[in-house]
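Undergrad: could you look at this predicted model? Sequence included:
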Amino acid sequence: MRRDSPLRRKSRGFTLIELLVAIAVMSMLALLSWRSIDGMTRTQTLTQQRSDDLMRMQAALGQWAADLDAVVETGEVSMLDFDGRVLRLTRRDSAETGLDSPGLRVVAWTHTSGVAQTAGSTAAMLGAGQWARWQSPPLRRRDELARAWQRAAEWAQSGGTLPENTSTDSAIALMGIKQWQLFYHRGETWSNPLSAVGTEAADSSPANLAAMPNGVRLVLTLSGEQSLSGTVVRDWVRPTLEAGR
């Protein structure tokens, strides 16, 4: 009987079964590795999207507070007016300094199904179910203020669409929401802005028919189309509110 020498036994390669087993193991390892990498990529994408949505929401709420902080009385229109659909206000221009003022602006906030954002003479519809902001150019004359006040209402009534021939007004969709609610703090309680609660002692002169409340509570119900969901509550307190009131 012929026997293989130890040298010949060492030089033999893998059998077919051994190769198939090795290939199967490598395939399983590759599949597990791909799933792990894919899971890490998805997690990173969701984390980045959540971070972006959170920054967008913080910027929108920051602009909301800045608008309320800059509200100014004109004696011509209500400095803060909410009709259940759109909040309109008159505010100082952000470029105003102690020595120079480009004028004041009319600003409007609403919940709309589509917002046209203008860039020069072009317009594009942005999103659906959006919390949106509109603003006029700087205004210096009474007739300009009256027209801008009316345009703000028309913008909200049209579903957030800017007329094609309007190049001075601007509007932007800030974040997706299902609905929004406002409450005013007058006297010692929060109430509906359309309610007369807390306004009994207000002066009846036209300039004071919509006196600035002590605070404004904003309640946003976020849409499910973004990474953030749930309800956001933001309270704003009038900067000139006296202690104890």
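TA: Perfect, thanks for sending it. On a predicted model such as this, the values are computed, not experimentally measured, just so you know.
Undergrad: looking at this structure, which helix or strand is least sure?
TA: The weakest-scoring helix or strand in the chain, judged by mean pLDDT, DSSP states H and E, is strand 122-126 (a mean of 38).
Undergrad: and the strand ranked longest in the chain, what does it pack onto?
TA: Counting by DSSP state E, the longest strand found in the chain is strand 170-186. If you count contacts as 3 or more Cβ pairs under 8 Å, 6 or more residues apart in numbering; DSSP states H and E, strand 170-186 packs onto helix 16-69, strand 104-112, strand 115-119, strand 130-135, strand 189-191, strand 215-222. Where C-beta positions appear, they are placed from N, C-alpha and C, glycine not excepted.
Undergrad: partner strands of the fifth one and their direction?
TA: Right, the one you point to is strand 189-191. strand 170-186 (antiparallel) (DSSP bridges).
Undergrad: what are the buried residues along the strand it pairs with?
TA: Of all the residues in strand 170-186, those buried under the rule 16 or more other Cβ atoms under 10 Å are 170-177, 182-186.
Undergrad: returning to that earlier point: quickly, which of the helices and strands packed on strand 170-186 bottoms out on average pLDDT?
TA: Comparing mean pLDDT across the helices and strands packed on strand 170-186, the weakest is strand 115-119, with a mean of 41.
Undergrad: tell me the contacts of residue 194?
TA: Contacts for residue 194 (Cβ atoms under 8 Å, 6 or more residues apart in numbering) come out as 82, 83, 84.
Undergrad: for it, helix, strand, or coil?
TA: What DSSP: H, G, I helix; E, B strand; the rest coil gives for residue 194 is coil.
Undergrad: sorry, back to before: let's see which of the contacts of residue 194 end up in helices.
TA: Per DSSP state H, helices hold no members of the contacts of residue 194.
Undergrad: now that we have those residues, can you turn them into CSV and tack on pLDDT?
TA: Shown next, in CSV, are these (pLDDT from 0 to 100):
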residue, pLDDT
82, 95
83, 92
84, 91
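Undergrad: turn these into TSV, columns for distance to residue 136.
TA: Output for those, formatted as TSV (distance: Cβ to Cβ, whole Å):
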residue	distance to residue 136
82	18
83	18
84	22
